[in-house]
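J.: below are the sequence and a predicted model for it; my questions follow.
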Amino acid sequence: MCLGEVVMSKGSVEISSEILREQEGDRVKGLPGQPSSVNFDQFSGYITVNQSHGRALFYWFFHSTHSPHRKPLLLWLNGGPGCSSIGFGEAEELGPFFPQNTTQPNLKLNPYSWNKAANLLFLESPVGVGFSYTNTTSDINQLGDRITAEDSYTFIIKWFRRFPQFRSHEFYIAGESYAGHYVPQLSELIFERNHNSTSEDYINFKGFMIGNALLDDETDQKGMIEYAWDHAVISDVLYQNIKSKCNFSLAEQTNECNVLLNKYFDVYKIIDMYSLYTPMCTSNNSNSKTSEAPLITGVAPHSFSKFDAPSSMLPVMRKLIAGGLRVWVYSGDTDGRIPVTATRYTLQKLGLRVIEDWTPWYTSKQVGGWSVIYDGLTYVTIRGAGHQVPTFAPKQSLQLLRHFLANKKLPPQPFQ
């Protein structure tokens, strides 16, 4: 390439021919079974995050269906830890394509795909998940929150170098479940490093949104048990015994408490913990459809270090709220794993001033859920949705995303 050889992109960003070749190398021209009506560009490939270890993360990127040169960029992360953002997020929840169970390849367009509101980026993280890999075996034994955040940050920096036309776009992160760790920790890295970044590596980061999120061990467990009792999943006797024998503020529970918790989890062998009122999948060779559990292909090894996971993300949340980032938290209200009860307890611990208390919001003429607006944080429930909210309430979840990106209150009255 000749020095200074550039072309002008649609967004008037100068892009070298070398970068354009990299982009074109990642372009997905079509997929088996893809509908002919697709009206957006898509790209996928690898970003090397550690050259010496041969560590690379896989992504799948979809332009927005409308005005991608103006729409924000949203990064989606699934939880787990170690669940595929493509196998779950793209293919079952909020992506443009849903694979169909047919003998021939068949992709169905999702009418409520989140790329209707934003340019949508799915990341397989950490290494060992999905198509992301490392050539250094010891990396797998060291997986944890810290290395996941560092690798994801490096990925974002390098991804923007490959797609510089999106660097000026507003950037947001969203995720669910264990992404209650992933998303705030990555957000904190971006927030801190933006202070000393060069203009080339500055990220136009505006905020994040997390759903049914693991945020605080004490309140997550307390709320999980209370929700099960309140929703007639466990008996009065078991509930009272757990209350008297378990102290969820402790890092380790007594043997007596663990015996009781095992009895609690036994109930969820016969009903779906992740969507309380959804019939169980009765297949002998798979888990419940909604469960982010280890039988799902693409889950990271069990060696993911619990010692690298803080017991509470609330200090990070307080820091980012004080820093002026937009923060929304949402809960599908039929999830038993990280239920609405747990998240309400967790947010109470933040001690934020309530600006607008428990208010219904509407999807057309129906109540979509309830919301609480705090000073610096918005909390939203989604009525009838399980752990993976976009799977169970796709229309409401897209509405939620649009209002989050616009920083706009959800409608408190019915509408046509």
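T.: Yep, that arrived.

J.: biggest helix in this structure by residues?
T.: In the chain, assigned by DSSP state H, the helix with the most residues is helix 145-162.

J.: give the buried residues for it.
T.: 145, 147-157, 159-160, 162 (16 or more other Cβ atoms under 10 Å). Where C-beta positions appear, they are placed from N, C-alpha and C, glycine not excepted.

J.: can you check stretch 108-121 too?
T.: Those would be Asn110, Tyr112, Ser113, Trp114, Asn115, Lys116, Ala117, Ala118, Asn119, Leu120, Leu121, for stretch 108-121 by 16+ other Cβ under 10 Å.

J.: how near is Ala385 to Ser52?
T.: The spacing between Ala385 and Ser52, counted by Cβ to Cβ, to the nearest Å, is 43 Å.

J.: more neighbours, the two?
T.: Ala385 (26 against 7; other Cβ atoms under 10 Å).

J.: got phi/psi on the residue nearest to that one when sequence neighbours are not counted?
T.: Distances taken as Cβ to Cβ, 6 or more residues apart in numbering place Gly332 nearest to Ala385, at 3.2 Å, with adjacent residues excluded. Dihedral pair for Gly332: phi -70, psi 130, per degrees, to the nearest 10.

J.: next one: Pro99
T.: Backbone torsions of Pro99, given as degrees, to the nearest 10, read phi -60, psi 140.

J.: the helix or strand hosting Tyr239 packs against which elements?
T.: Assigned by DSSP states H and E, Tyr239 belongs to helix 236-245. Identification of packing neighbours for helix 236-245 by 3 or more Cβ pairs under 8 Å, 6 or more residues apart in numbering; DSSP states H and E yields helix 217-230, helix 255-267.

J.: okay, the closest residue to Lys243 other than its chain neighbours and Ile15: tell me how far apart.
T.: Of all residues not flanking Lys243 in the chain, Ile225 sits nearest, at 7.5 Å (Cβ to Cβ, 6+ apart). Note on Ile225: its distance to Ile15, by Cβ to Cβ, is 54 Å.

J.: how about Thr254?
T.: For Thr254, the distance to Ile15 equals 60 Å [Cβ to Cβ].

J.: among the two, which residue is more densely surrounded?
T.: Under the criterion of other Cβ under 10 Å, the comparison of Thr254 against Ile15 puts Ile15 first, with 18 against 12.

J.: name the SS class of the residue nearest the centre of the chain, please.
T.: Residue closest to the mean C-alpha point of the chain, counted by Cα atoms, centre = their mean, is Gly175 at 1.2 Å. What DSSP: H, G, I helix; E, B strand; the rest coil gives for Gly175 is strand.

J.: check contacts around it.
T.: The contact partners of Gly175, taken as Cβ atoms under 8 Å, 6 or more residues apart in numbering, are Trp76, Leu77, Asn78, Gly79, Tyr182, Val183, Ile210, Gly211, Ala213.

J.: ok, now Leu238?
T.: Leu238 sits next to Leu260, Lys263, Tyr264 when contact means Cβ under 8 Å, 6+ apart.

J.: by neighbour count, which of those residues wins?
T.: Leu260 (21 neighbours).

J.: burial measure for the closest residue to it other than its chain neighbours, as a count.
T.: Leaving aside its chain neighbours, Leu260 sits nearest to Ile242 (5.0 Å; criterion: Cβ to Cβ, 6+ apart). Per other Cβ under 10 Å, the neighbour tally for Ile242 reads 22.

J.: what's around Ser17, how many residues?
T.: Neighbour count for Ser17, taken as other Cβ under 10 Å: 12.

J.: with Gly128 instead?
T.: Neighbours around Gly128, by other Cβ under 10 Å: 20.

J.: you'd agree it is up against Ile147?
T.: No - the criterion here is Cβ atoms under 8 Å, and Gly128 misses it with Ile147 at 11.1 Å.

J.: measure Arg344 to Gly211 for me?
T.: Arg344 is 14 Å from Gly211, by Cβ to Cβ.

J.: which one's more surrounded, those two?
T.: Gly211 (29 against 17).

J.: what pLDDT does the model give the more buried one?
T.: Gly211 carries a pLDDT value of 98.

J.: just confirm it contacts Asp333, I think it does.
T.: No - using Cβ under 8 Å, Gly211 is not in contact with Asp333, being 11.4 Å away.

J.: could you report the neighbour count for the residue nearest to Ala385?
T.: Applying other Cβ under 10 Å, we find 30 residues neighbouring Gly332.

J.: what does the one 5 residues further on give?
T.: For Arg337, the number of neighbouring residues by other Cβ under 10 Å comes to 22.

J.: one more: Glu18?
T.: Glu18 has 11 nearby residues by other Cβ under 10 Å.

J.: that one sits in which helix or strand?
T.: helix 17-26.

J.: do Asp335 as well
T.: Counting by DSSP H and E, Asp335 is part of no helix or strand.

J.: so what's it up against?
T.: Contacts of Asp335 (Cβ under 8 Å, 6+ apart): Asn212, Tyr274, Ser275, Leu276, Ala385, Gly386, His387.

J.: hang on, the first one packs against Glu176?
T.: This means Asn212. Yes - counting by Cβ under 8 Å, Asn212 touches Glu176, with 5.6 Å between them.

J.: all helices for the stretch 251-400 of the chain, in order.
T.: Applying DSSP state H, counting those that start in this stretch to the stretch 251-400 of the chain gives helices spanning 255-267, 314-322, 340-350, 389-392, 394-406.

J.: can you redo these as JSON lines with mean pLDDT?
T.: Formatted as JSON lines, these follow (pLDDT from 0 to 100):
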{"stretch": "helix 255-267", "mean pLDDT": "97"}
{"stretch": "helix 314-322", "mean pLDDT": "98"}
{"stretch": "helix 340-350", "mean pLDDT": "98"}
{"stretch": "helix 389-392", "mean pLDDT": "98"}
{"stretch": "helix 394-406", "mean pLDDT": "99"}
